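**Student:** Show me the folded form of this:
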Amino acid sequence: MKKLYFIGFLISTVALSAQEKINTTNVVTVEGMVKNPVKFSLNDLKNHKVKQIDSCVIYNHLMEPRRTIRNIKGVLLKDILDKAGFDITMSKLLSEFYITCIASDNYKVVFSWNELFNSAIGNSVMIISEADGIKAEQLPDRIALLSASDRATGRRYVKGLQKIVVERVD
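**Tutor:** Okay, here's the model as predicted:
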């Protein structure tokens, strides 16, 4: 019986240590090929137009539901990027830009300029300022980015967002 308890303890210890803790973030930087590098906090998001989504089910890569977020309010990523401005000489070069959103645990997701500014997806990629009736300052994920129109929404749900890097394909 003692062996059974020990094995259970060992398995639970290994399982818990395998999970990465997301460090909460309070500031996000926008850098790279932008005219005006931007640094913003959750409080700064209040100065932007707010988009609202009733709810979003977070699905993993196997399309299994993990959780539902309700009453989501946030600022569109493309509005933040507009403020930073793309460092270009000709507008046709915008199709060569991609945006990498990086979390505090180095998890990365990528969007193309066309995806954000030239498709319906751009109208649902947001930095969350409130969810489930709770302001982002009190949420465990703190600054989070959600691509609500993706099928596997969990793949581009960035918790602990700390950096947005704008780059151009070589």
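**Student:** What residues sit buried inside stretch 69-82?
**Tutor:** By neighbour count on 16 or more other C-beta atoms under 10 Å, the buried set for stretch 69-82 is 69, 72-81. C-beta coordinates here come from the backbone N, C-alpha and C atoms, glycine included.
**Student:** quick one: average confidence on that stretch?
**Tutor:** Stretch 69-82 carries an average pLDDT of 96.
**Student:** end-to-end on that stretch?
**Tutor:** 27 Å (C-alpha to C-alpha, to the nearest Å).
**Student:** before we move on, what about stretch 26-40?
**Tutor:** 8 Å.
**Student:** Buried residues of it, list them for me.
**Tutor:** Buried-residue list, stretch 26-40, by 16+ other C-beta under 10 Å: 28, 30, 32-34, 38, 40.
**Student:** Which SSE is immediately downstream of the top strand by length along the chain?
**Tutor:** For the chain, the strand that runs over the most residues, judged by DSSP state E, is strand 65-76. Remark: after strand 65-76, the chain's next helix or strand is helix 77-84, criterion DSSP states H and E.
**Student:** The buried residues of stretch 26-40 in helices, which ones?
**Tutor:** Using DSSP state H, no member of those sits in helices.
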